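A.B. asks: Provided below are the primary sequence and the corresponding predicted coordinates.
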Amino acid sequence: MEMLNAWIAAGASAVWGPWLIILLAGTHLFLTFRTGFVQRHLGHAIKLSVSRDPDAKGDISQFGALVTALAATIGTGNIYGVAGAIILGGPGAVFWMWLTGVFGIATKYGEALLSVKYRQTNPQGQMCGGPMYVLQNALKARWAGAIFAIFTALAAFGIGNMAQSDAISSMVVSQVAEFSTIDPAILKNATGLILAAFTGLVILGGIRWIANVCTILVPLMAALYVIGCLCIIVFNFHAIPGAISLIISSAFTGQAAIGGFVGVGIAEAMRYGVARGLFSNESGLGSAPIVAAAARTRDPVRQALVSSTGTFWDTVVVCALTGIVLVSSGDWTKAAVVEGRDKAMLCNLAFHHIGWFGDFILIFGLLTFVFSTILGWSYYGEKAVEYLLGIRAIFPYRILWVAAVYVGAVWKTSAVWDFSDMMNGLMAIPNLISLLILSGVIAAETRRYFSTLNP
């Protein structure tokens, strides 16, 4: 088992090497210029996200598609991922993470546009879309679509399921251990059963139930977490200007050794900031376009604009606020955190500065972020399995998904995270290739839409 874990870890490191980071970041930049800097239409996109288009074809509303994608995207990466970037790359990593989110908006826009444009209906009249259908219908490469679907189905059970339920059960055990001697195994089993039950109640109803729950859960969890971070920032306002200045300066000069922090250069700040930013917002991985294709919309550009706001909320807002909270606390310099590379410890220390309220915000954020990720990724995996095996495989898949939630809560292994990282990276490759090949289609559709919007 140790040898297998080592192989999986090596595979994840190889896939997420500098070449994939360059490919992802390069696609972000290329599509930004190819679309005429579509980020400048962010205000229009946000307005579209709360509008209705009842006469259009689709399974769920545009807003429902957005919050379902956000449910899968906003997860532990927005908290622990930011902490890991700071520990490994210094405060400057926050700047590069933020910048990755800004340019990643164009990639999320492009992949959603193609997925809506080339979507199709299944025998039940439901919308099916995503990179696998783009590869099949636009590039006539069903084999490549099948490869993407396989990687998506495998990644879903890892990063979107077992790794998430493990995070929740581990947090429950650590919190209860402070005031109780209950056997951790009992806690994990109870957590797994409860989490599996709630997951089953939602996903067995299909995308409409998932979207309905996410429409309530995602805005609530995001709003409370953002408000909590803002409260911490106000409480610690005297340190905020210095923290922001440090984030910007460290991005271009690196960070000298301070406290227990050994110091890093510009390359490390950029590497970890870009990598964690890409992992957090999922722009380019091809996951969010799967649910974007289910939206009721008259025009692929409309839904593409709505989907692009997901990267803005996830990275430009939520990750940035987390980064400011963590850097302004000063706890990232402590030897106990840096030497142990303990992301959870850094978050606990930083949020505890305002007592129980900070603890509540951190715990609430992790619980809701993780549960919403399980719901969102269940749909991604479901559509991938449907593409490979047909609609008859959907119900057995849902049952297996619920069972895996329980297993993840009671069985802990680091290999799940490494395997998920590897599958996520492999998902991105065929998706990015299709984006680059079809960038002309993205540019033409963008010009058409905005020429009619502003004649």
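C.D. replies: Looks like it came in fine. Keep in mind that what you see is a predicted model, and the values were worked out from it rather than measured.
A.B. asks: got a pLDDT number for the closest residue in space to L349 that isn't next to it in sequence?
C.D. replies: Of all residues not flanking L349 in the chain, D331 sits nearest, at 4.1 Å (Cβ to Cβ, 6 or more residues apart in numbering). From N, CA and C alone the C-beta is placed, and that goes for glycine too. With respect to pLDDT, D331 scores 87.
A.B. asks: ditto for K412
C.D. replies: So K412 comes in at 67 (pLDDT).
A.B. asks: same deal with P54?
C.D. replies: pLDDT, P54: 63.
A.B. asks: Quick check: which helices or strands does the host helix or strand of L220 pack against?
C.D. replies: Taking DSSP states H and E as the criterion, L220 maps to helix 207-235. With contacts defined as 3 or more Cβ pairs under 8 Å, 6 or more residues apart in numbering; DSSP states H and E, the packing partners of helix 207-235 are helix 62-73, helix 184-203, helix 320-329, helix 356-389.
A.B. asks: Show me which positions of it end up buried.
C.D. replies: 207, 210-215, 217-218, 221-222, 225-226, 228-229, 232-233 (16 or more other Cβ atoms under 10 Å).
A.B. asks: returning to that earlier point: any chance of the helices and strands packed on helix 207-235 in TSV, plus mean neighbour count and distance to V306?
C.D. replies: Formatted as TSV, the helices and strands packed on helix 207-235 follow (neighbours: other Cβ atoms under 10 Å; distance: least, Cβ to Cβ, whole Å):
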stretch	mean neighbour count	distance to V306
helix 62-73	28	5
helix 184-203	17	22
helix 320-329	25	21
helix 356-389	22	16
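A.B. asks: And the average pLDDT for the helix holding L220 is what?
C.D. replies: 86.
A.B. asks: try stretch 97-106
C.D. replies: 92.
A.B. asks: How about stretch 249-257?
C.D. replies: pLDDT averaged over stretch 249-257 gives 88.
A.B. asks: which residues touch the nearest residue to C128 once chain neighbours are set aside?
C.D. replies: The shortest distance from C128 to any non-neighbouring residue, by Cβ to Cβ, 6+ apart, is to N122 (5.2 Å). By Cβ atoms under 8 Å, 6 or more residues apart in numbering, the contact set of N122 is C128, E386, I391.
A.B. asks: What is the burial count for the closest residue to the second one other than its chain neighbours?
C.D. replies: Right, E386. Leaving aside its sequence neighbours, E386 sits nearest to I394 (Cβ to Cβ, 6+ apart; 5.8 Å). Applying other Cβ atoms under 10 Å, we find 16 residues neighbouring I394.
A.B. asks: One more: L139?
C.D. replies: 16.
A.B. asks: quick one: it and L438, what's the gap?
C.D. replies: Remark: distance between L139 and L438 (Cβ to Cβ, to the nearest Å) = 7 Å.
A.B. asks: May I ask you to confirm that the residue nearest to L349 is in contact with D342?
C.D. replies: No: shown here, D331 and D342 do not form a contact pair, counting by Cβ atoms under 8 Å, at 10.7 Å.
A.B. asks: tell me the SS of the residue nearest to E386?
C.D. replies: What DSSP: H, G, I helix; E, B strand; the rest coil gives for I394 is helix.
A.B. asks: The residue nearest to L349 and F357: what is the separation?
C.D. replies: For D331 relative to F357 (Cβ to Cβ), the value is 17 Å.
A.B. asks: Ok, A404 next?
C.D. replies: Taking Cβ to Cβ, one finds A404 at 34 Å from F357.
A.B. asks: what's the answer for S249, then?
C.D. replies: 31 Å.
A.B. asks: that older thread, out of the contacts of N122, who's nearest V301?
C.D. replies: C128 (19.9 Å; Cβ to Cβ).
A.B. asks: distance of the closest one from I159?
C.D. replies: 22 Å.
A.B. asks: follow-up on the earlier one: in contact with the residue nearest to E386, which residues?
C.D. replies: E382, V385, E386.
A.B. asks: Can you give me the pLDDT of it?
C.D. replies: I394 is given a pLDDT of 89.
A.B. asks: Repeat that for the one 10 residues further on.
C.D. replies: pLDDT, the model's per-residue confidence, is 91 for A404.
A.B. asks: same deal with V385?
C.D. replies: 94.
A.B. asks: Please apply the same query to P131.
C.D. replies: For P131, pLDDT reads 95.
A.B. asks: how close does it get to L436?
C.D. replies: 13 Å.
A.B. asks: Can you pick out the residue with more neighbours from the two?
C.D. replies: P131 (31 against 16).
A.B. asks: tell me what the worst-scoring helix or strand of the chain on mean pLDDT is packed against?
C.D. replies: Every helix and strand of the chain was ranked by mean pLDDT, DSSP states H and E. The lowest is helix 335-338, at a mean of 75. Counting contacts by 3+ Cβ pairs under 8 Å, 6+ apart, helix 335-338 is packed against helix 343-351.
A.B. asks: quick one: the helix it packs on to helix 320-329, angle?
C.D. replies: 80 degrees (axes from the mean of the first three to the mean of the last three Cα atoms, to 10 degrees).
A.B. asks: now the helix or strand that contains N431 against helix 356-389, angle please.
C.D. replies: If you go by DSSP H and E, N431 is part of helix 414-437. Relative orientation of helix 414-437 and helix 356-389, computed by the same axes, to 10 degrees: 60 degrees.
A.B. asks: average pLDDT for the next helix or strand after helix 414-437?
C.D. replies: Per DSSP H and E, the first helix or strand lying C-terminal to helix 414-437 is helix 439-453. Per-residue pLDDT values over helix 439-453 give a mean of 92.
A.B. asks: Residues in contact with helix 439-453: which ones?
C.D. replies: Outside helix 439-453, the residues touching it (Cβ under 8 Å, 6+ apart) are 30-31, 34-36, 38, 41, 109-110, 113-114, 117, 138, 299-302, 435.
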